[in-house]
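*Asks:* can you look at this prediction? I've put the sequence above it.
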Amino acid sequence: MVQLVVRTGDGLAVLLPDEAIERLGLHEGSEVAVAFAPDGRQMLIAPAGVDLDDVDPEFARQLDAFIAHYRPALVALAR
């Protein structure tokens, strides 16, 4: 998903879509941790308190693709 970078006060922000907020369990005022991939061109966002330093960015990408592909089955199994 592509999102816009917008100015807010003296800084910039990326607005997260509802799906991302829901999947991460965030709400207004939530703190997030940001980690960068070794190449510095990708970042991972997670609820604060989750250590992202040991997460391989390629594994995270593959896991996201898996979840996106199998979301209907995973939702059905969660019921």
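*Replies:* In hand now; what should we look at? Residues are numbered from 1 along each chain as shown.
*Asks:* what comes up buried for the strand or helix carrying residue 70?
*Replies:* Of the helices and strands defined by DSSP states H and E, residue 70 is found in helix 57-78. By 16 or more other C-beta atoms under 10 Å, the buried positions in helix 57-78 come out as 57, 60. The C-beta positions use only the backbone N, C-alpha and C, and glycine is treated the same way.
*Asks:* by contact count, what packs against that helix?
*Replies:* Judged by 3 or more C-beta pairs under 8 Å, 6 or more residues apart in numbering; DSSP states H and E, helix 57-78 is in contact with no other helix or strand.
*Asks:* how far off centre is it?
*Replies:* 13 Å (C-alpha atoms, centre = their mean, to the nearest Å).
*Asks:* can you give the contact residues for it?
*Replies:* 37-38, 42, 44 (C-beta atoms under 8 Å, 6 or more residues apart in numbering).
*Asks:* need the CA coordinates for that helix. CSV is fine.
*Replies:* This file holds the C-alpha atoms of helix 57-78, laid out as CSV (Å, rounded to 0.1, in the frame of the first residue of the first chain):
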residue,chain,number,x,y,z
PRO,A,57,13.6,-7.7,7.0
GLU,A,58,13.3,-10.4,4.3
PHE,A,59,11.5,-12.7,6.8
ALA,A,60,9.2,-9.9,7.7
ARG,A,61,8.4,-9.2,4.0
GLN,A,62,7.7,-12.9,3.4
LEU,A,63,5.5,-13.1,6.5
ASP,A,64,3.5,-10.1,5.4
ALA,A,65,3.0,-11.7,2.0
PHE,A,66,1.9,-15.0,3.6
ILE,A,67,-0.6,-13.2,5.8
ALA,A,68,-2.0,-11.2,3.0
HIS,A,69,-2.4,-14.3,0.8
TYR,A,70,-4.0,-16.5,3.5
ARG,A,71,-5.9,-13.8,5.4
PRO,A,72,-9.4,-15.3,4.7
ALA,A,73,-8.2,-18.7,6.0
LEU,A,74,-6.5,-17.2,9.0
VAL,A,75,-9.6,-15.1,9.9
ALA,A,76,-11.8,-18.2,9.6
LEU,A,77,-9.4,-20.3,11.8
ALA,A,78,-9.4,-17.5,14.4
